[in-house]
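Asks: I would like to see how this sequence folds:
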Amino acid sequence: MNDTAAPIAARASPAAFLLGLFSLAWRLVLYFAVLIAAFRLLGMANKAAMHALGVHFAVTASGVPAEAVGSSQSRLLLAALIAWAVAAGVGRDRLGPILPLRRRAVAHLLQGMGWGIAGVGATLGAIACFGGYQISGFALSGASLAYYLPLWLAIAVINGLAENLAVLGYPLFRFARATGWVAAIVAASLAFAGAHLGNPGENPIGIASLVLIAALLATAVWLTGDLWLSVGLHAGAVLAEDLIFSVPDSGVVYTGHLIASRLVGPAWLSGGDAGPEGSALAFPVFALLMALLWVVYRRRPATAAR
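Replies: Down below sits the predicted model:
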């Protein structure tokens, strides 16, 4: 577990605590302002480059092109790195290793991917037991499989890095430094779920489920002391939804599904357009997954040598 220095709130007078909250607030405002500005500027540059090259990712009946989400997540990752550098530099923050290049980094990444795939698979398995998930055959083979398999592997890792770094990187570590990990996890979970409110197919159960999933991702950061396990969890879930089990992902359908599948029945059961996270069955599955992670990783302090 990450047991670095005690949070400021635990060792400060009321006046110092309020000053600490103000210090936290301006840092987070600066961070998200830079994040949003950098993401938009990178988007404008990408649009101009795509236009100059004559490349266009068009949304079709099959869904949003996988290449488009890969491009968007790559820009988010770069924007998050820029915002992290600016906010940490201006605030002179030393928050410990967020993405350390340690021996256990790859192990935690791969372990997390396994957990993430298992979580989505268990949710869909439960939905299937009630007739809400059906498979009719394979949708990819040959050249298309050879194209989309490595593409989705890369997109999944980039997606996990981008979204987790954007919300569970500098903001989570800085919040935890000021208030402690419990409050930081709650705040980050709400922010993470809130970022998905604009997704077209999302539903209230899906948003509530995302709060729990974000808490799972943030707890993985707390337990291991860095982002790698959390990134793997997120990447595994993306790979499971968008390729392996071929279902909507947070209300959006992408191209490159491995199998022909569909979610049927009431949305509270199947998740409907939101995907498996919109199912009520996602709550016990991911709550159990959080408990398992606590048992497996709680005795692995961040300060231990990797």
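Asks: so how far is Glu241 from Asp273?
Replies: 13 Å (C-beta to C-beta, to the nearest Å). Quick note: C-beta positions are derived from backbone N, CA and C, even for glycine.
Asks: list the residues that contact both of these two?
Replies: The contact sets of Asp273 and Glu241 overlap at Pro248 (C-beta atoms under 8 Å, 6 or more residues apart in numbering).
Asks: Those two: which is more packed in?
Replies: Using other C-beta atoms under 10 Å, the more surrounded residue of Asp273 and Glu241 is Glu241, with 27 against 18.
Asks: got a list of what that one touches?
Replies: By C-beta under 8 Å, 6+ apart, the neighbours of Glu241 are 120, 247-249, 275-276.
Asks: How about it, nearest residue that isn't a chain neighbour?
Replies: Asp249 (4.4 Å; C-beta to C-beta, 6 or more residues apart in numbering).
Asks: what's the answer for Leu151, then?
Replies: Ala66 (5.8 Å).
Asks: Could you give the number of residues near that neighbour?
Replies: Per other C-beta under 10 Å, the neighbour tally for Ala66 reads 21.
Asks: again, but for Val167
Replies: What Val167 shows, counting by other C-beta under 10 Å, is a neighbour count of 24.
Asks: now the one 4 residues further on
Replies: Applying other C-beta under 10 Å, we find 26 residues neighbouring Pro171.
Asks: Kindly confirm whether my reading is correct that it touches Ala188.
Replies: Yes. At 6.5 Å, Pro171 counts as touching Ala188 under the criterion of C-beta atoms under 8 Å.
Asks: where do the strands sit along the stretch 151-300 of the chain?
Replies: Ranges of strands within the stretch 151-300 of the chain are 259-263, based on DSSP state E, counting those that start in this stretch.
Asks: which residues touch the nearest residue to Glu163 once chain neighbours are set aside?
Replies: Closest residue in space to Glu163, ignoring its immediate chain neighbours: His234 at 6.4 Å, by C-beta to C-beta, 6+ apart. His234 sits next to 112, 116, 159-160, 163-164, 217 when contact means C-beta under 8 Å, 6+ apart.
Asks: would you list every one of the helices in the protein?
Replies: Ranges of helices within the chain are 14-53, 66-91, 103-129, 142-168, 170-179, 181-194, 204-224, 228-239, 267-270, 282-297, based on DSSP state H.
Asks: and of those helices, who's closest to Tyr254?
Replies: With C-beta to C-beta as the measure, helix 66-91 is the member of the helices of the chain nearest Tyr254 (5.1 Å).
Asks: pLDDT (mean, whole number) over the closest one?
Replies: For helix 66-91, the mean per-residue pLDDT is 94.
Asks: please begin residue numbering at 881 from this point
Replies: Yes, from this point I'll number from 881; that puts the last item at helix 946-971.
Asks: quick check: angle from that helix to helix 1050-1059?
Replies: Helix 946-971 and helix 1050-1059 are oriented at 40 degrees to each other (axes from the mean of the first three to the mean of the last three C-alpha atoms, to 10 degrees).
Asks: Cool, thanks, signing off.
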